[in-house]
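In: I'd like to go over a predicted model; first the sequence, then the structure.
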Amino acid sequence: MPTYLSADGLQKLKDEMETRKSITRREIADKISAAMELGDLSENFEYQEAKEQQGSNEVRISELESMIKDASIVVQQSGGDTITLGTTFEAEVAGMTKTFQIVGSNEANPLEGKISNESPIGQAFIGRKLGEDVSVAVPSGTLVYKIIRIA
């Protein structure tokens with residue numbers, strides 16, 4: 001399954017991977033070396049903690065490599081009349097105007113208005129057009145959004 005990312009999102013993943021490979025690995029190796037000098041490894045908390053950090057770092061590097069390998073770049077859509085992956089749009093709900101962008105799940109950040117294409121709200125908006133009302137079920141009931149602008 002592809003990992004949907006913007007060009008910026010892909011670059012952030014690449015930067016994180018490079019940092020983890022070149023800096024974090026070295027820092028953890030230094031911690032392991034220092035802990036080994038303390039003696040008995042079976043009861044050496046510093047050594048055990050550094051080894052756990054090493055394992056976590058390697059798992060994250062593996063995840064990043066997989067996401068980067070499977071990345072499908074989403075170009076921000078503009079000028080269209082239909083909401084798709086990558087589209088930025090404005091919707092009115094309860095008298096307030098909110099700006100949203102449909103993004104892949106790895107870049108979702110509701111506080112910044114970035115909605116995952118896999119989320120219920122993201123799925124509700126995909127394929128909708130300017131002027132349409134969109135109903136979204138939330139724990140407290142149903143919210144009705146009116147699409148007022150597609151960037």
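Out: Sure thing, it's come through.
In: rest of the way, CA atoms for contacts and neighbours
Out: Fine.
In: Regarding this protein, what is its longest strand?
Out: strand 141-150 (DSSP state E).
In: got a list of contacts for stretch 87-94?
Out: The contact list for stretch 87-94 (Cα atoms under 8 Å, 6 or more residues apart in numbering) reads 76-78, 83, 97-102, 143-151.
In: and if we set it to 6 Å?
Out: 76-77, 97-102, 145-151 (Cα atoms under 6 Å, 6 or more residues apart in numbering).
In: and if you look at stretch 53-70?
Out: Here stretch 53-70 makes contact (Cα under 6 Å, 6+ apart) with 2-3, 17.
In: still on that earlier bit, out of the contacts of stretch 87-94, which is most surrounded?
Out: The member of the contacts of stretch 87-94 that has the most neighbours, counting by other Cα atoms under 10 Å, is Ile102 with 29 neighbours.
In: give me the low-pLDDT residue ranges for this protein?
Out: For the chain, the stretches flagged by pLDDT under 70 are 77-79.
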